[in-house]
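What shape does this take:
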Amino acid sequence: MRLMLLSNSTAPGRGYLEHAAEPLGDLLTGVRELAFVPFALADHEGYTATVAAALARFGVRVAGAHTGEPAQVVGQADAVFVGGGNTFRLVSALYRTGLIEAVPALVREGMPYLGSSAGTNVATPSLRTTNDMPIVEVPSFATFGLVPFQINPHYLDPDPTSTHQGETRDERLRQYLEENDVPVLAMREGTWLRRDGDSLSFEGADAGGRLYRQGTDTVEIPAPTDVSYLLNG
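Residues are numbered from 1 along each chain as shown. The predicted model follows:
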């Protein structure tokens, strides 16, 4: 499998996907047509146009999965990109359109997969570590399972000066581990994962990320770091 999983698709002062242009170019080498899955946002046409403009620099033509039978649109492409937005809305659409089965089957056969935010969430076994509000009901929390661990995109460190009385992201992930013995890679903004077969690299911004595991202390993960061991399950 060839995967690129971004915490975020935009960065301050940069265009859409511009902060990850170099590794993205590597992923898209040889790709002429990419299928974009826009279902995490309501404006499918506008979202697809944004992606098409960003990927034009790579000579890639973008087809929105909403423009036809979604599984067929994806099946005819050379690569697939699942965009960010609300993870619950995205997962609901994946089940409704049959993409929940079609996409991982194609990716396991070698189709390059690009995900950002919600699209990164669904590359994991479950949506349980999303940050999003459940604005729609989903048939199941089960997602693509392209990696055997969980990811928390857009990770925010606790602010010691905050007067907010709700749970921090750190507390929520620790609660997840109270019920689930599956590691979570918390990815700060500007970071991404690249998988090429059995090799997995955590890359991007100096901020890096944090690895949460049941029964052990959290560990800071700098970027770049080889995290292939996370593929062992």
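
rest of the way, CA atoms for contacts and neighbours
Will do.

The spatially most central residue of the chain: what's it in contact with?
For the chain, residue 120 is the residue whose C-alpha lies nearest the centre (CA atoms, centre = their mean; 1.0 Å). Contacts for residue 120 (CA atoms under 8 Å, 6 or more residues apart in numbering) come out as 5, 6, 7, 82, 84, 114, 151, 153.

I'd like those laid out as CSV, including secondary structure and neighbour count.
Compiled in CSV, the contacts of residue 120 are given as follows (DSSP: H, G, I helix; E, B strand; the rest coil; neighbours: other CA atoms under 10 Å):
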residue, secondary structure, neighbour count
5, strand, 26
6, strand, 32
7, coil, 27
82, strand, 26
84, coil, 25
114, strand, 24
151, strand, 29
153, coil, 28
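
show me where this structure has helices.
Using DSSP state H, the helices of the chain run over residues 21-27, 44-55, 70-75, 87-97, 99-108, 118-121, 169-179.

Just put those in TSV and tack on mean pLDDT.
Compiled in TSV, the helices of the chain are given as follows (pLDDT from 0 to 100):
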stretch	mean pLDDT
helix 21-27	96
helix 44-55	98
helix 70-75	98
helix 87-97	98
helix 99-108	98
helix 118-121	98
helix 169-179	97
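
Looking at those helices, which one is packed in the most?
Ranked by mean neighbour count, the helices of the chain are led by helix 118-121 with a mean of 30 (mean count of other CA atoms under 10 Å).

So for the closest residue to residue 206 other than its chain neighbours, what's the pLDDT?
Distance criterion CA to CA, 6 or more residues apart in numbering; nearest residue to residue 206, sequence neighbours excluded, is residue 223 at 5.9 Å. On pLDDT, residue 223 comes in at 95.

No more questions from me, cheers.
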